[in-house]
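Undergrad: the following block contains a protein sequence and its predicted model.
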Amino acid sequence: MTVKDMLGRSGVVSGEDALKILGEHFALPALAVGEIFISQALDRVLSEEIRSADDLPGFNRSTMDGFAVRCADTFGATESLPALLQSWATSPWARCLRAAL
């Protein structure tokens, strides 16, 4: 299905159709799963999620906690009027990538 975008241009493919097209043309091959020593893990990917039994650091004041955002997305935001942002981790694109892997 083609739709018009917010500028009135036609011929734009819907997000659902775009994901279908990507899935048809860019299928990822199944990867072998195995156990290796941590010293051999460079340039490898995990086959499943790993969770630590303990949060490190054990408090919420780490200087590394937070999110990366584009400056333009937060323009005009204040503490009393924050910017509403979409998390890419929960976007349809991220779900598509996780499903493909």
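TA: That came through, no problem.
Undergrad: let me see the contact set for G15.
TA: G15 makes contacts with P92, as judged by C-beta atoms under 8 Å, 6 or more residues apart in numbering. Every residue, glycine included, has its C-beta placed from N, CA and C.
Undergrad: quick check: buried residues in the one helix or strand E16 maps to?
TA: Applying DSSP states H and E as the criterion places E16 in helix 15-25. For helix 15-25, the neighbour count (16 or more other C-beta atoms under 10 Å) marks L19 as buried.
Undergrad: dump that helix to CSV, keeping only the CA atoms.
TA: Presented in CSV, the C-alpha positions along helix 15-25 are these (Å, rounded to 0.1, in the frame of the first residue of the first chain):
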residue,chain,number,x,y,z
GLY,A,15,6.2,1.2,7.6
GLU,A,16,4.6,-2.2,7.7
ASP,A,17,5.3,-2.8,4.0
ALA,A,18,8.8,-1.5,4.3
LEU,A,19,9.5,-4.0,7.1
LYS,A,20,8.0,-6.8,4.9
ILE,A,21,10.2,-5.8,2.0
LEU,A,22,13.3,-5.8,4.2
GLY,A,23,12.5,-9.2,5.5
GLU,A,24,12.1,-10.6,2.0
HIS,A,25,15.4,-9.3,0.7
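Undergrad: avg pLDDT for that helix?
TA: For helix 15-25, mean pLDDT is 84.
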